[in-house]
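**Q** Sequence below, structure please.
(chains A and B)
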Amino acid sequence: MTIPDDLRRTPLHEEHIRLGARMVPFAGWQMPVQYAGVMEEARAVRQAVGLFDISHMGRFRVAGSDAEALLQQTTTNDVSALSPGKAQYSLIPNEQGGILDDIIVYRKAPSDFIVVVNASNRDRDLEFFRAHAPSGTSVEDVSDATGMVAVQGPAAQDALQPLTDIELASLPRFGFAEGSVAGRQATICRTGYTGEDGFEVIGAAAHIVELWRALVDAHVVPCGLGARDSLRTEAGYPLYGHEIDETTTPVEAGLMWAVKLDKGSFVGRDAILAAKQAGPSRKLMGLIMEGRALPRQGYSIEAQGEPIGVVTSGAFSATRSIALGMGYVRSDHARNGATVDVVIRGTTHACRLLPKKDLLTATITS
Amino acid sequence: MELPDDLLYTRTHEWVRLDGTTATVGITDHAQCELGDVVYVELPDQGATLERDAVFGTVESVKAVSDLYAPVSGTVAEVNGALADQTELVNQSPYGEGWMVRLTVAPDCDTSHLMSAQEYERYVQESGH
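**A** Below you'll find the predicted structure:
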């Protein structure tokens, strides 16, 4: 396939080419979908450590005296509960209670934040924050000046520690610190999108290449978007455009843990509260297939031949060799342990429903 | 790209090995490489009758689903049962252990529409897929 050449390239583009990656268009970017192979890369992350280029994600700096107030108004989680050096998962809501994006908010200092957003929503998110920003609070898009990599897997700390003076063992989950990383200033956060322990590192665009090379030299396995999608699906994490979008509420997506209704007024609060009180008509569930056929986005979910839902994502577990996924299921059918069917190419394939957080440890029979 | 000389090839990236009235069918090295990790293979039942160019199965990778097309007409004599749970054989050994079906074909089985290894190689290069 020929890749359109108007796509953006991350600072690590040349590294991907040199490593023989297969490049694909993704959200306006040229990104590596795989190097050695999706399953081999996913296994490396589950069993050792893998390395991802996530520079395509948007990074905004929100600073100024009203920075906290701006983020309280435009995101669902409680920013006031966030101390400097801590990050939180959050959502950008719309007025209808839908989801414009899912994000990570990092508090560097009382009035200085970094917000990491999905590549596909970068422009819209920036516009949204700026539209709500009071004077004296700036929202700066620092995406192009910086690069970002994820080091993920049970051996992530062992791989990254020799390259930094930050004491990684003392970083809690969602904690971050700034320090020297591969010889230059960077930020390390104990976060990830794989279901494993790991870190995400933000550094200057020019510097991120040195860090990438140092990690590859230390035998950290380069992983593409294919492995990333497989790992996040297996971990039950939502992806914008699949599990969540402007028409899904945090109530049905099972993301109310990231919505703090009692923090005060914010965009979409009344709509989310109403949706919570009404109860969701559908719920996002994990799916474990009995056979190996993959459920894919848009496939129908049925019970005794009656449509009761739709698949949002599917993946094949590299370590357990089972097909799994997520999907929205009508609430009256969304029972843990229930067996339903996914219609794959005209044929029904049995699957079991379970909480999406249990996808990572489930087997076909239990 | 590995392309054994003793096989015949289709434009839909299957290969066929003719041995008397037995035709063994699989997908090419190029096809498995393009698909990536194969995780599911759906094959017909033994005894099924296949018409040339008809869909006889499905091969699914983490990235995509592809139909399998019968290179020649015949009756399914054997399916590769190992692919039920060892789908990686398609990636590791597309012309060997990753074979898919064995067909019983007519003694005068027409193969004039199939490509030689050289012709298939040129086809892949020219079509860019």
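**Q** ok, the residue nearest to residue A:157 when sequence neighbours are not counted - contacts?
**A** Of all residues not flanking residue A:157 in the chain, residue A:168 sits nearest, at 4.9 Å (Cβ to Cβ, 6 or more residues apart in numbering or on different chains). Yep, even glycine has a C-beta here, placed from its N, CA and C like the rest. Counting by Cβ atoms under 8 Å, 6 or more residues apart in numbering or on different chains, residue A:168 makes contact with A:157, A:160-161, A:188, A:190, A:199.
**Q** how does it look with 7 Å?
**A** Residues counted as contacts of residue A:168 (Cβ atoms under 7 Å, 6 or more residues apart in numbering or on different chains) are A:157, A:160-161.
**Q** and if you look at residue A:241?
**A** Counting by Cβ under 7 Å, 6+ apart, residue A:241 has contacts residue A:120.
**Q** what's the spacing between it and residue A:99?
**A** 11 Å (Cβ to Cβ, to the nearest Å).
**Q** What segments of chain B are strands?
**A** B:8-9, B:14-19, B:22-27, B:38-42, B:49-50, B:55-61, B:65-69, B:74-79, B:101-104 (DSSP state E).
**Q** Including mean neighbour count and distance to residue A:303, could those go into TSV?
**A** Below are the strands of chain B laid out as TSV (neighbours: other Cβ atoms under 10 Å in any protein chain shown; distance: least, Cβ to Cβ, whole Å):
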stretch	mean neighbour count	distance to residue A:303
strand B:8-9	22	44
strand B:14-19	19	37
strand B:22-27	23	35
strand B:38-42	24	23
strand B:49-50	18	34
strand B:55-61	21	24
strand B:65-69	18	24
strand B:74-79	18	31
strand B:101-104	21	34
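**Q** Quick one, which of these gets closest to chain A.
**A** strand B:38-42 (4.2 Å; Cβ to the nearest Cβ).
**Q** isn't residue A:187 right up against residue A:180?
**A** No. Using Cβ atoms under 7 Å as the test, residue A:187 is too far from residue A:180 to be in contact (11.3 Å).
**Q** So between these two, which is more surrounded?
**A** residue A:187 (21 against 12; other Cβ atoms under 10 Å in any protein chain shown).
**Q** which residues does that one contact?
**A** Here residue A:187 is in contact with A:176, A:178, A:201-202 (criterion: Cβ under 7 Å, 6+ apart).
**Q** what's the answer for residue A:204, then?
**A** So residue A:204 contacts A:145-146, A:184 (Cβ under 7 Å, 6+ apart).
**Q** Among those residues, the buried ones, what's the ChimeraX command?
**A** To isolate the buried members of those in ChimeraX, using 16 or more other Cβ atoms under 10 Å in any protein chain shown:
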select /A:146
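**Q** Just the contacts of residue A:204: which are in strands?
**A** A:146, A:184.
**Q** Any idea which residue of the stretch 1-150 of chain A lies closest to chain B?
**A** residue A:39 (4.3 Å).
**Q** Just confirm that residue contacts residue A:317, I think it does.
**A** No. The criterion here is Cβ under 7 Å, and residue A:39 misses it with residue A:317 at 9.3 Å.
**Q** residue ranges with poor pLDDT in chain B?
**A** B:129 (pLDDT under 70).
**Q** Report the central residue of it.
**A** Residue closest to the mean C-alpha point of chain B, counted by Cα atoms, centre = their mean, is residue B:26 at 2.5 Å.
**Q** So what pairs up with that one in the strands?
**A** For residue B:26, the beta-bridge partners are residue B:15 (DSSP bridges).
**Q** try residue B:76
**A** residue B:103.
**Q** so what's it up against?
**A** Residue B:76 makes contact with B:44-48, B:50, B:101, B:103 under the criterion Cβ under 7 Å, 6+ apart.
**Q** Equivalent analysis for residue A:57, please.
**A** A:116-119, A:148.
**Q** Neighbours of residue A:170, how many?
**A** Residue A:170: 9 surrounding residues under other Cβ under 10 Å.
**Q** And it, its phi and psi?
**A** phi -90, psi 0 (degrees, to the nearest 10).
**Q** now it: how far from residue A:220?
**A** 22 Å.
**Q** Please report the distance of the closest residue to residue A:155 other than its chain neighbours from residue A:126.
**A** Distances taken as Cβ to Cβ, 6+ apart place residue A:49 nearest to residue A:155, at 4.1 Å, with adjacent residues excluded. Between residue A:49 and residue A:126 the computed distance is 33 Å (Cβ to Cβ).
**Q** Just want to know which of these two has more residues nearby.
**A** Neighbours per residue (other Cβ under 10 Å) separate residue A:49 from residue A:126, with residue A:49 holding more: 25 against 18.
**Q** Hmm, the more buried one is touching residue A:157, no?
**A** No. Checked against Cβ under 7 Å, the pair residue A:49 and residue A:157 is beyond contact range at 8.8 Å.
**Q** How far does the helix ranked longest in chain B sit from its chain's centre?
**A** Across chain B, the longest stretch assigned as helix under DSSP state H is helix B:117-127. Chain-centre distance of helix B:117-127: 16 Å, with Cα atoms, centre = their mean, to the nearest Å.
**Q** same check, this time on stretch B:97-106
**A** 8 Å.
**Q** end to end, how far does it reach?
**A** Distance across stretch B:97-106, first residue to last, is 25 Å (Cα to Cα, to the nearest Å).
**Q** Can you spell out which helices and strands pack onto whatever helix or strand residue A:348 lives in?
**A** Assigned by DSSP states H and E, residue A:348 belongs to strand A:347-354. Applying 3 or more Cβ pairs under 7 Å, 6 or more residues apart in numbering or on different chains; DSSP states H and E, we find strand A:347-354 packed against strand A:282-289, strand A:339-344.
**Q** can we see that at 10 Å?
**A** Packing contacts for strand A:347-354, counted by 3 or more Cβ pairs under 10 Å, 6 or more residues apart in numbering or on different chains; DSSP states H and E, involve strand A:282-289, strand A:300-303, strand A:323-330, strand A:339-344.
**Q** Which neighbours in the sheet does the last one have, and how are they oriented?
**A** In the sheet containing strand A:339-344, the strands it pairs with under DSSP bridges are strand A:300-303 (antiparallel), strand A:347-354 (antiparallel).
**Q** With mean pLDDT, mean neighbour count and distance to residue A:208 added, can I get those strands in CSV?
**A** Output for these, formatted as CSV (pLDDT from 0 to 100; neighbours: other Cβ atoms under 10 Å in any protein chain shown; distance: least, Cβ to Cβ, whole Å):
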stretch, mean pLDDT, mean neighbour count, distance to residue A:208
strand A:300-303, 98, 18, 41
strand A:347-354, 97, 18, 38
